[in-house]
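how does the following fold in three dimensions:
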Amino acid sequence: MNATGVNIGNGQLSIHLVLLLLSAFLTASDSGWKPVLTSSLLMLGAMTKPTVALPFYILFAVLHRRAALLTAAGYTVLTAFAMTFQQLDLIPLLQKMIERNAEVAAAGGYGNLHSWLGALNLSQLAMPLSFVFLAGLALWLFYNRKNNLWILLAVCALIARIWTYHRMYDDVLILFPMIALLRAALQFDLPNSRVAFVLLVFSVFLNLARLSNISELRYLLLTAAHQGCWIVMLAFFIRLAHRERIQVR
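Numbering: from 1, shown residues only. Okay, the predicted model is just below:
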């Protein structure tokens, strides 16, 4: 993926976060303290970048409450420790972070709620709508908690990429829906498998294309294609989850 090279070149953590997030869910279990502790520590590591991990943490809390509580406790302790090195208190520091986030989102990044609202001169709505996104995700995940894990992970990844400010290095999150599309395509459940296969091929093509050091027109066309693909993916997985829920009933 183009985003992999951008991650390495920029010294970003998204590759590591994808590994931590996936490991947290694959090792999670509600029986026995070892898997609970292991998965909570993995999720705590992923929370190094909450803008990526928070949607996944919501799913984690829905599926594995004990491990999620341990993660929250650990995050609180680490935050309190980190605050001892700051000159500002927690609330002013968070306000400063939100202001800085809005400034950076207006200057760069693509394919996220902040950049879309910035383009419409509605940046003041970015934070409220971000929390609306997360609240809607939490309700949807709770309602679909018995669905296939890969579908839930795919939806979380797409929301994680869209809900707040990101640059192209966080496109590695699309690996989750790409894996889910591959699994759906291999089920040979027509017509969903055909749709999944077409979306997967299109996504692979887009994620191999470079987005840096190219003409402005090509950049605009490719980023628009990325965003359109993500929205179609999200609609596909929501529909697939609805269909599976009906079949289970």
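
can you name the farthest residue from the center of this structure?
Taking CA atoms, centre = their mean, the residue of the chain most remote from its mean C-alpha position is Q87, at 31.0 Å.

and that one, what is it in contact with?
Contacts for Q87 were tallied using CB atoms under 8 Å, 6 or more residues apart in numbering; there are none. For every residue, glycine as well, the C-beta is placed using N, CA and C.

how close does it sit to K96?
In this view, Q87 and K96 are 11 Å apart by CB to CB, to the nearest Å.

got a pLDDT number for the residue farthest from the centre of the chain?
pLDDT for Q87: 82.

need phi/psi at it.
phi -80, psi -20 (degrees, to the nearest 10).

what does N144 give?
When read as degrees, to the nearest 10, the backbone of N144 gives phi -110, psi 20.

what about it, how many neighbours?
20 (other CB atoms under 10 Å).

name the nearest residue to it, sequence neighbours excluded.
Excluding the flanking residues, the one nearest N144 by CB to CB, 6 or more residues apart in numbering is A241, at 5.0 Å.

try A180
Using CB to CB, 6+ apart, the closest residue to A180 is A154 (3.8 Å).

doesn't L182 make contact with the one you found?
No: with contact defined as CB atoms under 8 Å, A154 does not count as touching L182 (10.7 Å).

which one of these two is surrounded by more residues?
More crowded of A154 and L182, by other CB under 10 Å: A154, with 29 against 14.

what's the distance between the helix or strand that contains the more buried one and the middle of its chain?
Using DSSP states H and E, A154 maps to helix 149-162. In terms of CA atoms, centre = their mean, to the nearest Å, the centre of helix 149-162 is set 6 Å apart from its chain centre.

tell me which stretches of this structure form helices.
2-10, 14-27, 33-46, 50-63, 65-83, 90-107, 113-119, 126-143, 149-162, 175-185, 192-208, 216-248 (DSSP state H).

may I see the buried residues of the longest one?
Neighbour-count burial for helix 216-248 flags 219, 222-223, 226-227, 229-230, 233-234, 236-238, 240-241, 244 (criterion: 16 or more other CB atoms under 10 Å).
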